[in-house]
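Here's my sequence, what's the structure:
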Amino acid sequence: MDWQRLDVLLTRVRPHRERLALLLDLVVVALAWQFTYLFRLGFERWFSARPDYDGYVLIGVLVLYALALLLLRVPKGMWRFSGFGEVKRLALACASAGLVAATLVLMAHLHGVPRAVLALHPVFALMLLAMMRMGYRMLYEHMRSKISGSAQEQRRALVMGAGDAGRLLVAGLQHTQGWVIVGFLDDAPEKLGARVAAVPVLGRLEQAAEFSAMHGITHLIVAMPGASMPQRRRALDIAGKVGLPVLTVPSSEELLSGRSVNQVRDIEPEDLLGREPVELDEGGISECLNGKVVLITGAGGSIGSELCRQVARYGPSKIVLYELSEFNLYTIEQELSEKFPHIPLVRLIGDVKDLEHLRHVLGKYKPQIVFHAAAYKHVPLMEEENAWAALRNNTLGTYNACLAAAEHGAERFVLISTDKAVNPTNVMGATKRAAELVISYMAGQGHATKFIAVRFGNVLGSSGSVIPKFKEQIAKGGPVTVTHPEITRYFMTIPEAARLVVQAGAMGDTGKVFILDMGESVRIADLARTMIRMAGYRSEAIPLVFTGLRPGEKLYEELLADADATLATPISKLRMARLNDSQAASGIRVGDWLASWHDTRAMNQSEVMRLLREVVPEYEARLPRE
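Next up, the predicted model:
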């Protein structure tokens, strides 16, 4: 028997399941009426001894049974899950309908209908109805075991992409309990109607909704790791509109890192927003880092920890992990020790606001390369009570790290900055712009150290970012909160950000800021809606709530200030801008400005903002009113 075709037939009628179930139940009730007569009267008399009005009585009985079945919601039951609970509902329906039918027949004095038939018919009906359901369940489980090797209810998937990844996926999942791969979808004309790993290619990608409804699909799997990013995004867009959970196979980069094709995972925002990988100068990076001592501040943070992983790939002689959080330091140290056991690690609890400790550390370990990732970055948190902490950590901390690096002969110093430093509207952005100006100032002091800044937008999945918050809210069933319907942001992935930093460190000239061309900005509300769809929810199931802009928050972010001049670099999509010395316009040198405040008392928000205005004049209009 062709069990696959039977499966297709059953899934085709599934949308009409309730109507069909009620019809079959009434057919069985009618058959039970005939069997009861046969049991009571025998073959010779089961037709001849009936009254002329028996057909009308049977119609009335069927109406009563239909009402009882509907009132008890019996047609809504799924036969493949039939058990004792279903039998109890059937017994109640048959008993109630049979009692009412017998009462009405007797009250109408229809003595031609034998009383034994009225009494036994509910019993016969219950037996046949229960047997029909049990028989279907046995057939269904046998069909499941023939198709997938397991009688358990399966996750039924359509695979979008009938290439090598899809073939390997099927080979892996067919031996994994709980999955049935029903078919492939692929746009290649030569694959339509073919079979890949014994699974049919049913149609094109655009037919995902049609075949999902036809085959009772529970999951869609996008298996196109080798496709271009636009092709992958198109497939994800099509899958997201079906209204089912969407999974994907690891990307080509994840496969290279050791993940298996059959390790399907949920859709991540980087799948939706990613771009074609930027081709880096691997040789130049290796020459810069191989055999060198590298120090990373903020080594346990989202960017810092990924920097550690990227740097370790190029064989440094030692990595100095400088981190304020004991837990974060322990976590990254454990990971690096496991993945790169041959690289010596120095694990230091340290604060970039402590200049003397920085001088001691850099004097002892003499790093040639310093990546400065330590920063406070949460805009609302830094806006009011923590403005002074943000200024000291983000700006003074950068200055301290620069001084220690220059004094002890570091070859390169790379600051990680942010798009919020461009025309800042908040304390965090202004302190990072001031940190960029510290880099510009140090680059002009004649030090042998090259001072470089790297600026990028929001990093997907970093601590405190909007993406983990959305995922948590969706998992709880909503609502998903967005500050404003028109708010947009630029996005990049954590590995992409870390590679950009490493590349800048390898090729940067002193006093320059590097910027990644991140394409179009993304509307946050649209991103939230897409994440809801990819999780398999309809928009009405998880509402979107707009909460209003937070203190210091922009509607739109910028990567380049108007006065910045950009230059092309040998790396595609990587631009270089010369930092403009804003202190020249204000008549104050950054060095004098730093000396005028960094040893003073703690300041309130207004004082911090006025101090930042002195060196970041474009921030002047953002001061609070007295």
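
Which of the three states applies to the residue nearest to Lys450 when sequence neighbours are not counted?
Computed as CB to CB, 6 or more residues apart in numbering, the closest residue to Lys450 that is not its neighbour in sequence is Thr510, at 4.2 Å. The C-beta positions use only the backbone N, C-alpha and C, and glycine is treated the same way. Under DSSP: H, G, I helix; E, B strand; the rest coil, Thr510 falls in the coil class.

got the contact list for Phe124?
Phe124 makes contact with Ala32, Phe35, Thr36, Phe39, according to CB atoms under 8 Å, 6 or more residues apart in numbering.

Hmm, which of those residues is lowest in pLDDT?
Ranked by pLDDT, these bottom out at Phe39 (83).

Not counting its neighbours along the chain, what's nearest that residue?
Nearest non-adjacent residue to Phe39 (CB to CB, 6+ apart): Leu120, at 6.7 Å.

For that neighbour, identify the helix or strand it belongs to.
helix 115-148 (DSSP states H and E).

got the angle for the strand or helix carrying Ala68 vs helix 115-148?
Per DSSP H and E: Ala68 is located in helix 54-71. With axes from the mean of the first three to the mean of the last three CA atoms, to 10 degrees defining the directions, helix 54-71 sits at 50 degrees from helix 115-148.

Give me the residues contacting helix 54-71.
With contact meaning CB under 8 Å, 6+ apart, helix 54-71 is reached by 22, 25-26, 29-30, 33, 75, 92-94, 96-97, 100-101, 104-105, 110, 112-113, 121, 125.

Give me the buried entries from those.
22, 25-26, 29-30, 33, 75, 93-94, 96-97, 100-101, 105, 110, 113, 121, 125 (16 or more other CB atoms under 10 Å).

just to revisit the earlier point, Throw the contacts of Phe124 into JSON lines and include distance to Arg433, thanks.
Formatted as JSON lines, the contacts of Phe124 follow (distance: CB to CB, whole Å):
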{"residue": "Ala32", "distance to Arg433": "83"}
{"residue": "Phe35", "distance to Arg433": "88"}
{"residue": "Thr36", "distance to Arg433": "89"}
{"residue": "Phe39", "distance to Arg433": "93"}
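
Between these, which sits nearest Met131?
Nearest to Met131 out of the contacts of Phe124 is Ala32 (CB to CB; 10.8 Å).

now the one helix or strand the closest one maps to: how far from the chain's centre is it?
Using DSSP H and E, Ala32 maps to helix 17-45. Taking CA atoms, centre = their mean, to the nearest Å, one finds helix 17-45 lying 53 Å from the centre of the chain it belongs to.

which parts of that helix are buried?
21-22, 24-26, 28-30, 32-33, 35-37, 40-41.

which of these sit farthest apart?
Of all the pairs that the buried residues of helix 17-45 form, the one spanning the most space (CB to CB) is Ala21 and Leu41, at 30.8 Å.

ok, which stretches of the stretch 401-550 of the chain are helices?
427-443, 466-475, 494-507, 524-534 (DSSP state H, counting those that start in this stretch).

Tell me which other helices or strands the second one touches.
When contacts are defined as 3 or more CB pairs under 8 Å, 6 or more residues apart in numbering; DSSP states H and E, helix 466-475 packs onto strand 480-482, helix 524-534.

The longest one now?
Where contact means 3+ CB pairs under 8 Å, 6+ apart, helix 427-443 is packed against helix 379-383, helix 387-390, helix 397-407, strand 412-418, strand 450-456, helix 590-595, helix 605-615.
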